[in-house]
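Asker: prediction below, plus the sequence it came from.
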Amino acid sequence: MPFAPMPTPIRCPQCNTSFVVDVRTIVDVGEEPELKEQFLRGQVNYARCPNCGAGGMLSSPLLYHDPEKELLISYIPPETGYTADQQEHVVGGLVNAVMNKLPAEKRKGYFLQPRTALTLDGLFDAILEADGISREVLEGQRAKLRLLNELLAAVEDDQTLDTLIEQHRDELDYEFFLLLSNLIDADEQGEADEHVAGMAQLREKLLQRVSPAMPRSAPQSASYDELIDMLSSEDTAKTWRTTIAINRQRLDYGFFQALTARIDAARDAGDTEAAEALTALRGRILEELDAQNRMVREAEDEASLLVMQLLEAQDLRTAIREHRDEIDDVFLMVTARLQATAARKDEARAARLGALLEAALEMIEENLPPAERLMNRLLRTSGVEEADRILEESRGLLNDEFLTLYDEYVAELERRGQDADLLDHLRQVRGKIQAKITILRA
């Protein structure tokens with residue numbers, strides 16, 4: 001019998017609703033081969049609140065077993081706070097559970113030395129490496145991330161952006177666009193609105209200047225059937241991959257429901273050719289989405305490892321400068337997520353992650369004009385008292401020009417539909433700025 005999931009009561013961190021989720025501590029793809037695809041898609045140990053809809057993968061210990069590839073990999077989420085002895089005890093129990101279900105002749109040497117994944121994405125990568133994903137792919141990913149950061153830094157400067165595009169036109173291929181689209185998706189899930197807006201603006205400008213095999217973007221008003229028809233007509237590899245990257249936000253559960261309904265209708269009508277073509281289309285879409293998701297997981301895993309490395313540094317700012325080229329949007333996003341997770345269980349770790357994030361942002365902002373650097377610091381404040389302290393430290397920058405700049409930033413956030421609480425906070429800060437300018441004039 002396969003290892004059954006355990007019904008586990010959990011509480012939603014967003015709305016405090018209690019509900020029950022089936023949690024697996026052992027994913028044995030020898031017993032249940034279908035679990036591999038489900039696991040790599042993030043469908044195992046995934047919880048969605050029935051009340052508010054908030055969802056995500058649960059932080060629970062896990063042992064992955066693939067007897068065909070002799071893979072035995074344990075993962076203990078850092079959020080559990082287990083000591084080394086506790087981790088060893090938990091992993092030992094899971095390994096013994098797998099071994100005890102096997103006949104003696106199938107208990108091979110790899111059971112004596114199970115591998116350890118430091119992050120969930122690291123576990124995904126180990127599984128994919130066993131499938132033949134090379135290190136060269138990962139190196140190519142890093143190069144694309146470096147180029148992405150260069151372009152993002154120039155997104156408001158069309159002249160510099162045009163120069164960079166001409167220098168790197170050959171590199172702005174379908175893989176670059178799918179990476180950009182994946183990062184936009186990931187940031188939206190983490191509610192990193194500023195990053196989303198910047199990358200979405202970059203994608204729009206790039207598509208005005210670069211046509212990688214002429215990808216097509218479905219209009220927002222397009223129905224699922226119209227989107228299916230558009231994808232059915234994509235027949236070249238580069239056009240196909242880029243089109244999937246650009247339209248991936250529309251390829252949701254409703255889309256696959258509509259596509260499956262089209263397949264069933266064709267079969268019921270006796271149109272075997274159409275049913276087979278649509279079934280092949282569904283397979284191609286799922287395969288490409290999996291490939292794109294792997295690229296993002298590789299980038300996030302690299303960032304997670306760097307975060308852990310930097311957290312051990314005695315001097316955060318010095319350590320960050322030594323890794324300047326690796327501090328990018330993915331790094332900031334991963335650090336912010338880890339901080340939000342730690343804030344619920346480990347205040348000391350959350351504080352350390354907050355200091356790391358602040359130091360990274362300060363390094364990035366070093367080359368900004370002083371007024372813009374102050375603006376960014378104020379945008380990150382969580383209370384009026386903190387903002388007031390920063391304003392006191394920067395009294396020399398407070399004048400009518402800075403107030404105009406501040407108003408432009410807030411107006412832009414309003415246009416983007418920014419969170420109402422943040423906008424209220426920034427309006428209170430504006431009152432502080434105005435008051436200090438009045439005092440300075442007196």
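Answerer: Received the coordinates, thanks.

Asker: for the stretch 51-200 of the chain, which segments count as strands?
Answerer: Assigned by DSSP state E, counting those that start in this stretch, the stretch 51-200 of the chain shows strands spanning 55-57, 62-66, 71-75, 115-117.

Asker: if I average pLDDT within each of those strands, which one is lowest?
Answerer: With a mean of 72, strand 55-57 has the lowest mean pLDDT of the strands of the stretch 51-200 of the chain.

Asker: hang on, the earlier thing: and of the strands of the stretch 51-200 of the chain, who's closest to T381?
Answerer: strand 55-57 (27.0 Å; Cβ to Cβ). No exception for glycine: its C-beta is placed from N, CA and C like everyone else's.

Asker: picking up where we left off before, hey, which of the strands of the stretch 51-200 of the chain is tucked in deepest?
Answerer: Most buried of the strands of the stretch 51-200 of the chain, by mean neighbour count (mean count of other Cβ atoms under 10 Å): strand 62-66, with a mean of 24.

Asker: that strand pairs with which strands?
Answerer: In the sheet, strand 62-66 lines up against strand 26-28 (parallel), strand 71-75 (antiparallel) (DSSP bridges).

Asker: who touches it?
Answerer: 24-30, 36, 39, 45, 71-75, 91, 94-95, 98, 114, 123, 127, 130 (Cβ atoms under 8 Å, 6 or more residues apart in numbering).

Asker: try 7 Å this time
Answerer: 25-30, 71-75, 91, 94-95, 98, 123, 127 (Cβ atoms under 7 Å, 6 or more residues apart in numbering).

Asker: pLDDT weak spots in the stretch 201-350 of the chain?
Answerer: In the predicted model of the stretch 201-350 of the chain, residues 211-215, 235-239 satisfy pLDDT under 70.

Asker: my bad, should have said the stretch 51-200 of the chain
Answerer: For the stretch 51-200 of the chain (pLDDT under 70), the answer is 53-55, 133-142, 174, 185-195.

Asker: tell me where it has helices.
Answerer: 84-100, 120-130, 135-153, 158-167, 174-189, 193-209 (DSSP state H, counting those that start in this stretch).

Asker: and the protein, what are its domain boundaries?
Answerer: Domain ranges of the chain: 6-130, 135-298, 309-367, 369-442, per automatic domain parsing.

Asker: what about D229, helix or strand, and which?
Answerer: Element membership of D229, judged by DSSP states H and E, is helix 224-232.

Asker: who are the packing partners of that helix?
Answerer: Applying 3 or more Cβ pairs under 7 Å, 6 or more residues apart in numbering; DSSP states H and E, we find helix 224-232 packed against helix 253-268, helix 272-311.

Asker: so which of the strands paired with strand 62-66 gets nearest D268?
Answerer: It's strand 26-28; of these, that one is closest to D268 (Cβ to Cβ) at 36.3 Å.

Asker: quick check: mean pLDDT across the closest one?
Answerer: On average, strand 26-28 scores 93.

Asker: CA atoms only: put the helix or strand just after that strand into CSV for me.
Answerer: Counting by DSSP H and E, the next helix or strand C-terminal to strand 26-28 is helix 34-40. Extracted in CSV, the C-alpha atoms of helix 34-40 (Å, rounded to 0.1, in the frame of the first residue of the first chain):
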residue,chain,number,x,y,z
GLU,A,34,1.8,10.2,-10.7
LEU,A,35,3.1,12.0,-7.5
LYS,A,36,6.3,13.1,-9.3
GLU,A,37,4.5,15.4,-11.7
GLN,A,38,2.1,16.6,-9.0
PHE,A,39,5.0,17.4,-6.7
LEU,A,40,7.1,19.3,-9.2
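
Asker: what's helix 34-40 packed up against?
Answerer: Counting by 3+ Cβ pairs under 7 Å, 6+ apart, helix 34-40 packs on no helix or strand.

Asker: pretty sure P5 contacts T25?
Answerer: No: under the criterion of Cβ atoms under 7 Å, P5 makes no contact with T25, lying 8.6 Å away.

Asker: dump the strands paired with strand 62-66 to CSV, plus distance to L398.
Answerer: Listed next are the strands paired with strand 62-66 as CSV, based on distance: least, Cβ to Cβ, whole Å:
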stretch, distance to L398
strand 26-28, 57
strand 71-75, 50
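
Asker: ok, which of the ones you listed comes nearest A277?
Answerer: Comparing the strands paired with strand 62-66 by Cβ to Cβ, strand 26-28 comes nearest, at 33.6 Å.

Asker: next, the residues that contact that closest one from outside, please.
Answerer: Counting by Cβ under 7 Å, 6+ apart, 2-3, 35, 39, 44, 62-65, 94, 97-98 sit against strand 26-28.

Asker: equivalent analysis for stretch 372-389, please.
Answerer: With contacts defined as Cβ under 7 Å, 6+ apart, stretch 372-389 is touched by 365, 390, 394, 397, 405-406, 409, 428-429, 432.

Asker: end-to-end on it?
Answerer: End-to-end distance of stretch 372-389: 17 Å, with Cα to Cα, to the nearest Å as the criterion.

Asker: mean confidence for it?
Answerer: Mean predicted confidence for stretch 372-389 is 81.

Asker: just the buried residues of it, please?
Answerer: Using 16 or more other Cβ atoms under 10 Å as the burial criterion, the residues of stretch 372-389 that qualify are 373-379, 381, 387-388.

Asker: same question, stretch 81-98
Answerer: 82, 90-91, 94-95, 98.

Asker: not counting sequence-adjacent ones, nearest residue to V90?
Answerer: P61 (5.1 Å; Cβ to Cβ, 6 or more residues apart in numbering).

Asker: show me what contacts the one you found?
Answerer: Per Cβ under 7 Å, 6+ apart, neighbours of P61: 25, 76, 80, 90.

Asker: reformat the helices of the stretch 51-200 of the chain as JSON lines; add distance to D301.
Answerer: Formatted as JSON lines, the helices of the stretch 51-200 of the chain follow (distance: least, Cβ to Cβ, whole Å):
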{"stretch": "helix 84-100", "distance to D301": "19"}
{"stretch": "helix 120-130", "distance to D301": "4"}
{"stretch": "helix 135-153", "distance to D301": "9"}
{"stretch": "helix 158-167", "distance to D301": "27"}
{"stretch": "helix 174-189", "distance to D301": "13"}
{"stretch": "helix 193-209", "distance to D301": "19"}
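
Asker: next, the contact list for L120, please.
Answerer: Contacts of L120 by Cβ under 7 Å, 6+ apart are 57, 75.

Asker: of the contacts of P61, buried ones?
Answerer: Buried among these (16+ other Cβ under 10 Å): 25, 76, 90.

Asker: out of those, which comes closest to T318?
Answerer: Of these, the one sitting nearest to T318 (Cβ to Cβ) turns out to be I76, at 30.1 Å.

Asker: tell me the spacing between the closest one and V90.
Answerer: I76 sits 7 Å away from V90, going by Cβ to Cβ, to the nearest Å.

Asker: what sits in contact with each of the two?
Answerer: In contact with both I76 and V90: 61, 82, using Cβ under 7 Å, 6+ apart.
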